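[1] sharing a sequence plus its predicted fold:
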Amino acid sequence: MKQKFLELLKSVNREGMDKLIEFIEKTDFFKAPASTRYHGAYEGGLLEHSLKVYELLVHKVKNAPIEIEVSEETLIIIALLHDICKVNFYKVDYRNAKNAFGEWEKVPYYTVEDTIPYGHGEKSVMMITEYMKLTVEEKYCIRWHMGFTEAKEVYNTLGQAFKKFPLALLLHEADLEATYFFDI
């Protein structure tokens, strides 16, 4: 999976992508979970989730009820990097739990250690743009990929973003489907 992820990113001809890839390779991206307990809560979950979102997004764009004009590069960027904010974000800790024999033992679990508390989608946009430029549409897609899991106070803004950039809605749907249909 790591090789496929890197091949896709390397196919993007955008200034700074090489530096972004170098950054990613120095992080825990390929080993990080996708979440602490909701989906992909295992080593490599973030990588698997990102690739599944890409696969689903490509399918959604091809089968959308309206025509979505988008480059392959944009699909790669928004799908594979929408959750880059999760690098170096999860840490392993231990807690006591009873095993199958009813005995207490220390078991590992993922916990959050957010050293850059800047939100979620907006944090991913910020991190990417430290290395390369994003189009306006890419910024909106990544920023709003969480959709209606955002605070209800921003639903009006979210709705406007989805109307302006339908690709953002498709990314949100692909993210949800990877999470809830495939548990990654």
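    Received the coordinates, thanks.
[2] list the contacts of the residue nearest to Val107 when sequence neighbours are not counted.
    Spatially, and ignoring its direct neighbours in sequence, Val107 is nearest to Ala97 (4.7 Å; Cβ to Cβ, 6 or more residues apart in numbering). C-beta coordinates here come from the backbone N, C-alpha and C atoms, glycine included. Applying Cβ atoms under 8 Å, 6 or more residues apart in numbering to Ala97 gives the contacts 104-105, 107.
[3] adding neighbour count, write the residues you listed out as a markdown table.
    Putting these into a markdown table (neighbours: other Cβ atoms under 10 Å) gives the following:
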| residue | neighbour count |
| --- | --- |
| Trp104 | 9 |
| Glu105 | 11 |
| Val107 | 12 |
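[4] of those, closest to Glu43?
    Nearest to Glu43 out of those is Val107 (Cβ to Cβ; 14.6 Å).
[5] where does this structure dip in pLDDT?
    150-151 (pLDDT under 70).
[6] re the thing from before, buried ones in the helix or strand hosting the residue nearest to Val107, by neighbour count?
    Ala97 is located in strand 90-98, with elements delineated by DSSP states H and E. Across strand 90-98, burial judged by 16 or more other Cβ atoms under 10 Å covers Tyr90.
[7] check contacts around Ser124.
    81-85, 142-143.
[8] skipping adjacent residues, who's closest to it in space?
    Nearest to Ser124 is Cys85, by Cβ to Cβ, 6+ apart, at 4.3 Å.
[9] number of nearby residues for that neighbour?
    By other Cβ atoms under 10 Å, the residues close to Cys85 number 22.
[10] so it touches Met127, yeah?
    Yes: here Cys85 reaches Met127: they are 6.3 Å apart, a contact under Cβ atoms under 8 Å.
[11] hmm, who's touching the top helix by length along the chain?
    If you go by DSSP state H, the chain has its longest helix at helix 45-62. Here helix 45-62 makes contact (Cβ under 8 Å, 6+ apart) with 1-2, 4-5, 8, 29-30, 32-35, 39-40, 68, 70, 75-76, 78-83, 86-87, 167, 170-171, 173-175, 177-179, 182, 184.
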